[in-house]
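Participant: build me a model from this:
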Amino acid sequence: MYLKLCKFVDASRDLTTLSRKEFCENCGSSRLPERVIKTRQGVVDRYDAATIKWNSNRLRLGLLLQMEHNSDKALLEEWKQTSAAAEQYVECADRWRTKYNHLEMHEALRACAPDRGALDDSVQAFTKRIVELRVSSDAALP
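Facilitator: The predicted structure is shown next:
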């Protein structure tokens, strides 16, 4: 579950790097080098694949999580918040890429900072709840 979530988020983070001027086709007088075009397309392809995989697995992952943790309501809420925060960040990253195409690296690194911060907070709360449930489950064992 964490692997799918991380691939989804990381592919989006990579997408924001395309806002750097090194990837801008219309910013210079000459055509971009073929390796830059290939790199850009690879980033977009990974983003598309991660998004498809996430969309096809999000519900299933939530259900499996609930089955594993006896339908814990707090965990379900943390999962919903984390999933929503991930999707919010991904939407921002996609908008960022289409809005900007001439940024310096330090500017591109600030892409969607508020959404990324909210996602990080949600992941921490979600992880904390899973750990709490596992600790309480282990304590109940004879």
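
Participant: wait, residue 104 sits on residue 21?
Facilitator: Yes: taking Cβ atoms under 8 Å as the definition, residue 104 is a contact partner of residue 21 at 7.0 Å. (Each C-beta comes from the backbone N, C-alpha and C, glycine too.)

Participant: looking at these two, which is more packed in?
Facilitator: Counted by other Cβ atoms under 10 Å, residue 104 and residue 21 do not tie: residue 21 has more neighbours, with 15 against 11.

Participant: wait, what's in contact with the more buried one?
Facilitator: Residues counted as contacts of residue 21 (Cβ atoms under 8 Å, 6 or more residues apart in numbering) are 27, 101-104.

Participant: name the member of those with the most neighbours.
Facilitator: Going by other Cβ under 10 Å, residue 103 tops these with 21 neighbours.

Participant: beta-bridge partners for that residue, please?
Facilitator: Taking DSSP bridges as the rule, residue 103 bridges to residue 20.

Participant: what's near enough to touch it?
Facilitator: 19-21.

Participant: look up the closest residue to residue 32, ignoring the ones flanking it.
Facilitator: Distances taken as Cβ to Cβ, 6 or more residues apart in numbering place residue 25 nearest to residue 32, at 5.7 Å, with adjacent residues excluded.

Participant: and of the contacts of residue 103, the nearest to residue 131?
Facilitator: residue 19 (35.8 Å; Cβ to Cβ).

Participant: can you give me the neighbour number for that closest one?
Facilitator: By the measure other Cβ under 10 Å, the count of residues near residue 19 is 22.

Participant: could you check the distance from the closest residue to residue 23 other than its chain neighbours over to residue 95?
Facilitator: Closest residue in space to residue 23, ignoring its immediate chain neighbours: residue 40 at 5.2 Å, by Cβ to Cβ, 6+ apart. Per Cβ to Cβ, to the nearest Å, residue 40 is found 17 Å from residue 95.

Participant: burial of residue 120, as a residue count?
Facilitator: For residue 120, the neighbour count with other Cβ under 10 Å is 13.

Participant: what sits against the most centrally placed residue in the chain?
Facilitator: What sits nearest the mean C-alpha location of the chain, by Cα atoms, centre = their mean, is residue 9, with 1.4 Å. Going by Cβ under 8 Å, 6+ apart, residue 9 touches 86, 89-90, 119.
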